Structure formats: structure tokens, C-alpha cells
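> model this:
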Amino acid sequence: MKKRLGISVALMLVAAALIVCSVPAVTASAAAPAPELASPSFILTEAETGTVLCEHNAREHRPIASMVKIMTLLLTFENIGSGALSETEMITASENAASMGGSQAYLDAHAEYEVGELIKSVAVASANDSCVALAERISGSVDGFVAEMNEKAKRLGMEDTHFVNCTGLPAPNQYSCARDAAVMFGELIRYDGFFGYSGVWMFDFAHPSGRKTALTNTNKMIRSYEGCDGGKTGFTNEARYCLSATAKRGDTRLVGVIAGAESSAKRNAEMAELFDYGFANYEVKQVIFGGAETDVRYEAEGSREGSVGLAPASDGFYLSERGEGGEIGYRVELNELKLPIAKGASAGRIYATVGGRTVAESELVTTGELNEKTYLDVLKDILDRM
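Model prediction:
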């Protein structure tokens, strides 16, 4: 679909229109065999559609170390999005938060820290103390926050995950899997604000006392792999080396997860293999453009305006094997609406198809309003025809 569709539809009843545009055919072989990695569990998905491109033991229950913090960050950004939390809000670090071991920002108990700086320390340096400070602010206690983590996991369909803490530090009965890590990381990267932190290479975390803690990004791939702009590393003796990462080239964004690698170098090299495989063999094309008015119009007899424009309510993307030819078609189905019709009213749906198969769809909404003709409007029409 181009940014405008060259058709006009006039109807009062449900109807459908088909539009076809040509996509240049490119001769290419089917996707190459997926890479064989040494890591015991991994998965590669396309971010926009969630399609799994390759996987191995992706549902195997495993400790995932600090990849648990993906859910901590997801709930944090969810609260910011709802207005329940602000990145500029100041949080007082509790003694419990300041007592955390492992990776940390070395918070001072009873000192105040800005939410945005705490988020940065988690995204960049996997700070356990900052995770606890955020959890206690959002839910009142770590236990309450963990309950919310598990509830969110259920809503996302993460059937092979159970959280016990918000940090990923070793704990009995805490487990997840590569597939679930990819699901929650895919949700996290829908928040653009995450990328404002995940791409930071190093920074000085400032404490109210004037002390500073130098923090460096644990995800070295943001510097070593073209297009990689975010990730969450993890390591414990039990979990070994773990990584959830994302990379984007053109319209194609990939999400990869590796769990249980033998070293950080091997983990990063294998993630690069996954990304190389994905970008070499698959591509995403935007086929529906949300908010862009099309040439499809809704016409209603008896309306003062005559017709109104229509636009998709959301973007639509099509994942295909790289170089795959074929025709992208469009089917528009419009609803029967009664006057008056408000701007933004749901007027139907648009479907993008390839070979008769629907690959993307979106609601169609009106870009203006349609009002019933008044007596004076009808009289004017009569006089105009005389």
C-alpha cells in the first residue's frame, strides 16, 4: 500500500473493494537453514509481528539471571505511561534497596534519587538496588511488585515463567525461558523511552552526597553490532551468560534471546549470528500507514458534506522472506453508519493481502464528520437544481 490508496467507495451498506499493487519479483531461494548455536537455549523473533524465525529449546525452564529485570523495566515504563509515575519524580532509597548485592549503583539509604536516573542505572548497568527502589515505589513493597510481575506475565501468555524477585538474583523456584524473555522484551521495546536509556554507553551516577558511581553498559553489542540499540544482559553461576537484545535495520527489527552461554564473548558472537541470519533472510515491509488519509472515502446519502475521508487507525507490517516477490492487495470493508457521523468514527477495516492471505489489517476511521442535511440544506439543493 502506498501512502494513499487510489480508489473511492460510495456506499450505505457493508461493501468491499479490492486494490492490487505490484511488488517487484526478485528471484531468491527459501530462507537458509537456521544457525546451529552452542548455547542450550535461544530464540529469534521479528519484533513487529512476534513471528518466530528460529529457536532451540526455547520453552526450557531456566534461571535467566538479570533478564528478570526486563519485567521490572516493563512495569516501570507501564506506570510512567499511565501517569502513575514520573521520570522526574524523586524516590527515597530504603535500607532494603541499599543493601542489595551484585550489580548495583551503590545507593545511599534514605537518600533521594530521580526515577529517570534509577531507570538508567538498571538499563545500563543492571543495578539491583535501583530495581528494588523502583519496585518499592510502584507497589509499596518488593513482594507486591513481584506479584504484579507474575500477573503481567500471565497477561502476556508467559506460561513458562515464575518470578520470585525483581532483580534476577538466584532464588528457589524462579525460572523463565527464552521464549518468554523474548515476549516480555518485545513488550518493553514498544516504549520508545527505553531506547533513551539502553543506548547509553557509560555515565556517572550522581549521589546526593556528591559521590559518583561510574557505570558502563553491560550490553557491548550496542557498539559491536550494526543496528543493535538495546538489550539486557544477565549472569549468575547457575544461569550462565544470558542476553536479550534487539537490532533494527530499515523497517526490520529483530529480538533475540540467548540463555546459558558459556561466556560473554560466546553469547555476543552467537547473538550476532542470530541477527545476521534474520537480516539476511527476512524483511519487514510497512503496508498500512496509520493516520495517513487514503483515497477511500465514505459517502452517505443525505449528509451535508457528501463524503468524508478515511485513514487507518494503526500501522500494518508484512514479514516476508527477503527477496520474496508477489502482489500486495488491499480489501476494504465498510460498515453501515447512521448520520450524524463523528470524526474518528470506526467506519470499517482495511486488509493487506498477499496471494489472497491477509498479512496485516487495521481499523478505518473517519478523518472528518458527516452531518444530516437541514431543511434549509434541502431547499438550497432544490434551488441549485432549478
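> quick one: the helices in the protein?
All helices of the chain, identified by DSSP state H, fall at 69-82, 95-98, 115-125, 128-139, 142-155, 178-188, 192-198, 221-224, 264-281, 375-385.
> which of those sits closest to E55?
Among these, helix 178-188 comes nearest to E55, with 7.0 Å by Cβ to Cβ. C-betas here are computed from N, CA, C, even on glycine.
> same for that closest one, what does it pack against?
Applying 3 or more Cβ pairs under 8 Å, 6 or more residues apart in numbering; DSSP states H and E, one finds that helix 178-188 contacts strand 41-46, strand 52-56, helix 69-82, helix 142-155, strand 240-249, strand 252-261.
> again, only using 10 Å
The contact analysis (3 or more Cβ pairs under 10 Å, 6 or more residues apart in numbering; DSSP states H and E) places helix 178-188 against strand 41-46, strand 52-56, helix 69-82, helix 142-155, helix 192-198, strand 228-236, strand 240-249, strand 252-261.
> CA atoms only: put it into PDB for me.
Output in PDB follows, covering the C-alpha atoms of helix 178-188 (Å, rounded to 0.1, in the frame of the first residue of the first chain):
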ATOM      1  CA  ALA A 178      14.000 -17.900  26.100                       C
ATOM      2  CA  ARG A 179      10.500 -17.700  24.500                       C
ATOM      3  CA  ASP A 180       9.000 -15.800  27.400                       C
ATOM      4  CA  ALA A 181      12.100 -13.500  27.700                       C
ATOM      5  CA  ALA A 182      11.500 -12.600  24.000                       C
ATOM      6  CA  VAL A 183       7.800 -11.900  24.700                       C
ATOM      7  CA  MET A 184       8.500  -9.500  27.600                       C
ATOM      8  CA  PHE A 185      11.400  -7.800  25.900                       C
ATOM      9  CA  GLY A 186       9.200  -7.300  22.800                       C
ATOM     10  CA  GLU A 187       6.700  -5.500  25.000                       C
ATOM     11  CA  LEU A 188       9.400  -3.400  26.700                       C
END
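> switch the helices and strands packed on helix 178-188 over to CSV; also include mean neighbour count and mean pLDDT.
Formatted as CSV, the helices and strands packed on helix 178-188 follow (neighbours: other Cβ atoms under 10 Å; pLDDT from 0 to 100):
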stretch, mean neighbour count, mean pLDDT
strand 41-46, 26, 98
strand 52-56, 17, 97
helix 69-82, 22, 98
helix 142-155, 16, 98
helix 192-198, 17, 97
strand 228-236, 23, 97
strand 240-249, 25, 98
strand 252-261, 26, 98
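> number of residues surrounding L376?
8 (other Cβ atoms under 10 Å).
> dump the residue contacts of V122.
66, 69-70, 72-73, 76, 103, 105, 128-131, 133-134, 166-167, 197, 232 (Cβ atoms under 10 Å, 6 or more residues apart in numbering).
> likewise L243?
Here L243 is in contact with 39, 42, 64-67, 181, 218-221, 231-235, 256-259, 261, 264, 267-268, 270-271 (Cβ under 10 Å, 6+ apart).
> bridged to it, which residues?
Assessed by DSSP bridges, L243 has beta-bridge partners T233, I258.
> and for the one 4 residues further on?
Following DSSP bridges, A247 is listed with bridge partners C228, L254.
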